[in-house]
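Asker: Sequence first, predicted model second:
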Amino acid sequence: GNSVTQMEGPVTLSEEAFLTINCTYTATGYPSLFWYVQYPGEGLQLLLKATKADDKGSNKGFEATYRKETTSFHLEKGSVQVSDSAVYFCALKSGGSYIPTFGRGTSLIVHP
Amino acid sequence: DTGVSQNPRHKITKRGQNVTFRCDPISEHNRLYWYRQTLGQGPEFLTYFQNEAQLEKSRLLSDRFSAERPKGSFSTLEIQRTEQGDSAMYLCASSFGGLDNEQFFGPGTRLTVL
């Protein structure tokens, strides 16, 4: 079956530091990969996605590259801000399903 | 349209009581999803509607859970004879179009069963 493994949090950084949140997956077929973000008190929002190998998704300074050879989709940002503090979820969809499989989430805390 | 809305935002109930949650999706979104999220976990799929048809149900959805989307617009999720293990955040999402189109999530209903 499908599964997503994310690095455990919380990840605590100072403002302007470089961010990496690791995500690896197991899936049947050729999945599409997603990162969602959940700010405190709000619903999940799609941050970025990639639908085939070597695609790079990007949004709001965040990037992630679909690496089929390592079954990974790590999230990166060059310079984090306090406003990036949130929980980040890696997810995948495969096999023609509309239903994503989510990872456990990684909490990011950015200090001024 | 202001997005997916869910009501109530919080519900506290005693074990054994029935509860019902409502989800209003974004207008014209034909697909609607229910998820459950517990602390430190990602959302877990419960059930999914395309228009008014319930197309898929998770094994997590015991016979105490029932969901409806009678006119293909809003949806309700009912839990009968609640148990303490039902305490969680219940999330609703909606989407339209192709497989890789975005799901838009509501803020969730937090259920506490005492």
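Answerer: That came through, no problem.

Asker: For B:G72, give me its contacts.
Answerer: B:30, B:49, B:51-52 (CB atoms under 8 Å, 6 or more residues apart in numbering or on different chains). Every C-beta, even on glycine, is put in place using the N, C-alpha and C of the backbone.

Asker: Between its first and last residues, how far does stretch A:30-45 reach?
Answerer: End-to-end span of stretch A:30-45 (CA to CA, to the nearest Å): 23 Å.

Asker: With stretch A:102-112 instead?
Answerer: Span of stretch A:102-112 from end to end, CA to CA: 30 Å.

Asker: Quick one: mean pLDDT for that stretch?
Answerer: Averaged across stretch A:102-112, pLDDT comes to 96.

Asker: PyMOL command for the buried members of the contacts of B:G72?
Answerer: Buried residues among the contacts of B:G72 (16 or more other CB atoms under 10 Å in any protein chain shown), as a PyMOL selection:
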select buried, chain B and resi 49
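
Asker: Let me have the contacts of B:G72 in JSON lines, extended by distance to A:V11.
Answerer: Output for those, formatted as JSON lines (distance: CB to CB, whole Å):
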{"residue": "B:N30", "distance to A:V11": "37"}
{"residue": "B:F49", "distance to A:V11": "36"}
{"residue": "B:N51", "distance to A:V11": "41"}
{"residue": "B:E52", "distance to A:V11": "42"}
